[in-house]
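*Asks:* I need the structure of the sequence given here:
(one chain, ligands or ions: 2)
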Amino acid sequence: MTSSHPFWPAPVAQALDAVVNLPGSKSLTNRELVLSAIASEPTLLVAPLRSRDSELMIQALRSLGIGFEWQGENLLVTPVELSGPATIDCGLAGTVMRFVPPLSGLAKGDIFFDGDAGARRRPMHTTIESLRALGIEVSSETMGLPFTVHASGSVAGGDLEIDASASSQFVSGLLLVAAKFESGLTLTHSGQELPSLPHIEMTLEALRQRGVRAFALSERSWRVEPGAVSGGTKVIEPDLSNAGPFLAAAMVAGGRVAIPNWPSETTQVGAEFERILPMMGARVQNSSGALVVEGSGIIRGIDIDLSIGGELAPVIAALAALGDSPSRITGIAHLRGHETDRLTALSTEINRLGGSVTELADGLAIEPAELHGGQWLSYEDHRMATAGAIIGLKIPGVQVENIATTAKTMPEFVTLWEKMLESK
Ligand SMILES: O=C(O)C1=C[C@@H](OP(=O)(O)O)[C@@H](O)[C@H](O)C1
Ligand SMILES: C=C(OP(=O)(O)O)C(=O)O
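*Replies:* Ligands and ions are numbered 1, 2, ... in the order given. Coordinates of the predicted model:
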């Protein structure tokens, strides 16, 4: 296997007993950054995520004029009238490429968007079509990145119908800034599947927390009223999707892992681990505000539709590859448009280690198999890299390519992982 990136020898472990404090949620941080940019007063973000995706969002907003000041772990965001021209690097961040273009429609001038080579392959047509339907001029040769938004400083808003079957982020990006459209927005999804519904609920809830009237009209239609967006202080919850690899570690290695500050109420889909992991044999309990997962090293297969939380799939697939009975993970066709085609990537890499995975049109079928060590490619995908680390806990000799790609949402992954393995 050739790769320009180094390979990380994934450590094997047994009988864990660790407490892991996780950094802030990517999805909450990048929503609060956008809302802070259109607020009528400054916002103090308490413990936001600091990672590649959030730095890209900060840089994007800064280039539209927004002020940022770090105060220790917290970030003070000072809104101003948005202005172009600007060049926005989306990296590989779905939240930047789908949330910032609708926001940029409120600026004045030409705003050029581009990103990593992998970003140019991610679906963007719905964002571009939405902006055009809202009367915002967009130049694009490919209906993907790169493209330029020619912004006039105001958006009328009104009624809009879109196809968000490739990503819920098309919906969230529009709803997040719709309070600043002259008539607000009534948005309807007219495509087939609509993935990641909890992420849309997260968007509505973040708007309501800032005094905006935002609500669902049906499962596929939403309304945001025009009005002021408040600032104030926003505490960012830990990233529950990024908790996944650590919770899975307790199941694979055996022992227990506790994640403190697990919110009792949240819109994060990572909270679903509390429901899903017991189906695969874990004991899960909430103890003094921490989520504690205990495992025996024996993992049961699972049959699950993960359409509500596709970003959880790499963790579930890694566990299933170590399971003692077959698994089917369905409802996740849209994962082919994530950081990489995750269905192909997961099946290729698990099978390279001796696994038995078949790609389905909308998911994966995973049979029990005797795995062996070998190289695990990560495709610039943070969740592919952490999936390799999970399998490597049990299978000696797994070498994860480009573990540094975890910096997309968790630059401290290796440090936290190694500390988790030491603390027993
Ligand atoms: O809005 C968000 O913060 C996200 C929505 C989801 O996107 P998709 O609906 O494209 O899966 C999720 O997978 C992604 O990690 C974050
Ligand atoms: C799909 C993901 O990211 P993005 O926000 O780039 O879409 C993810 O983090 O699993």
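*Asks:* and the residue nearest to N30 when sequence neighbours are not counted, how many residues sit next to it?
*Replies:* Spatially, and ignoring its direct neighbours in sequence, N30 is nearest to T95 (4.1 Å; C-beta to C-beta, 6 or more residues apart in numbering). Where you see a C-beta, it was placed from the backbone N, CA and C, and this is true even at glycine. By other C-beta atoms under 10 Å, 24 other residues sit near T95.
*Asks:* is T95 in a helix, a strand, or coil?
*Replies:* helix (DSSP: H, G, I helix; E, B strand; the rest coil).
*Asks:* quick one: it from ligand 2, how far?
*Replies:* For T95, the distance to ligand 2 equals 5 Å [C-beta to the nearest ligand atom, to the nearest Å].
*Asks:* now do D110
*Replies:* 25 Å.
*Asks:* who's in contact with that residue?
*Replies:* Neighbour list for D110: 84-85, 148-151 [criterion: C-beta atoms under 8 Å, 6 or more residues apart in numbering].
*Asks:* next step: these restricted to strands.
*Replies:* Judged by DSSP state E, strands contain the following of these: 148-151.
*Asks:* of those residues, closest to ligand 1?
*Replies:* The nearest member of the ones in strands among the contacts of D110 to ligand 1, counting by C-beta to the nearest ligand atom, is V149 at 19.9 Å.
*Asks:* which residues does that closest one bridge with?
*Replies:* I111, V138 (DSSP bridges).
*Asks:* just to revisit the earlier point, so which of the contacts of D110 are also by ligand 1?
*Replies:* Checking the contacts of D110 against ligand 1 by C-beta under 6 Å from any ligand atom, not one of them is in range.
*Asks:* by pLDDT, give me the weakest of those residues.
*Replies:* The member of the contacts of D110 with the lowest pLDDT is G84, at 93.
*Asks:* mind checking how far L22 is from ligand 1?
*Replies:* Distance from L22 to ligand 1, by C-beta to the nearest ligand atom: 16 Å.
*Asks:* phi, psi for that residue please.
*Replies:* Main-chain torsions, L22, degrees, to the nearest 10: phi -100, psi 150.
*Asks:* show me which residues of this structure sit near ligand 1.
*Replies:* Residues of the chain lying near ligand 1 (C-beta under 6 Å from any ligand atom): 27, 94-95, 167-169, 172, 195-196, 199, 310-311, 334.
*Asks:* just name the closest of those residues to ligand 2, please.
*Replies:* Nearest member of the residues of the chain next to ligand 1 to ligand 2, counting by C-beta to the nearest ligand atom, is G94, at 2.4 Å.
*Asks:* find the nearest non-adjacent residue to the closest one, please.
*Replies:* Closest to G94 by C-beta to C-beta, 6+ apart is Q169, at 5.2 Å.
*Asks:* does the one you found touch T95 like I think?
*Replies:* Yes. Applying C-beta atoms under 8 Å, one finds Q169 in contact with T95, separated by 6.5 Å.
*Asks:* if I've got this straight, R31 is in a helix?
*Replies:* Yes. In this structure, R31 lies within a helix as judged by three-state DSSP.
*Asks:* for it, which non-adjacent residue is spatially closest?
*Replies:* A206 (4.8 Å).
*Asks:* surely the one you found touches L28?
*Replies:* Yes. If you go by C-beta under 8 Å, A206 and L28 touch, sitting 7.3 Å apart.
*Asks:* ok, R328 - contacts?
*Replies:* Counting by C-beta under 8 Å, 6+ apart, R328 has contacts 302-304, 360, 363-366.
*Asks:* now the closest residue to D381 other than its chain neighbours: how far from T267?
*Replies:* Excluding its sequence neighbours, the residue lying closest to D381 (C-beta to C-beta, 6+ apart) is E339, at 3.9 Å. According to C-beta to C-beta, to the nearest Å, E339 and T267 sit 22 Å apart.
*Asks:* of the two, who's got more company?
*Replies:* Ranked by neighbour count (other C-beta under 10 Å), E339 and T267 place E339 first, with 26 against 20.
*Asks:* which element is that one on?
*Replies:* Following DSSP states H and E, one finds E339 outside all helices and strands.
*Asks:* who are the contact partners of it?
*Replies:* By C-beta under 8 Å, 6+ apart, the neighbours of E339 are 92, 118, 379-384, 408.
*Asks:* could you export those residues as CSV, including pLDDT?
*Replies:* Listed next are those as CSV, based on pLDDT from 0 to 100:
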residue, pLDDT
L92, 98
G118, 97
Y379, 98
E380, 98
D381, 98
H382, 98
R383, 98
M384, 98
K408, 98
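*Asks:* quick check: ChimeraX command selecting the buried ones in the contacts of D110.
*Replies:* The buried subset of these, as determined by 16 or more other C-beta atoms under 10 Å, is captured in ChimeraX by this line:
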select :84,148,149,150,151
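*Asks:* which one of the contacts of D110 is nearest ligand 2?
*Replies:* Of the contacts of D110, the one sitting nearest to ligand 2 (C-beta to the nearest ligand atom) turns out to be V149, at 19.5 Å.
*Asks:* re the thing from before, neighbour-wise, which one of the residues of the chain next to ligand 1 leads?
*Replies:* S27 (31 neighbours).
*Asks:* and that one, backbone torsions?
*Replies:* Dihedral angles (degrees, to the nearest 10) for S27: phi -70, psi -40.
*Asks:* can you give me the helices in this structure?
*Replies:* Assigned helices in the chain, in chain order: 26-37, 52-63, 94-104, 125-133, 169-177, 197-209, 244-253, 273-279, 313-321, 342-352, 382-392, 413-422 (criterion: DSSP state H).
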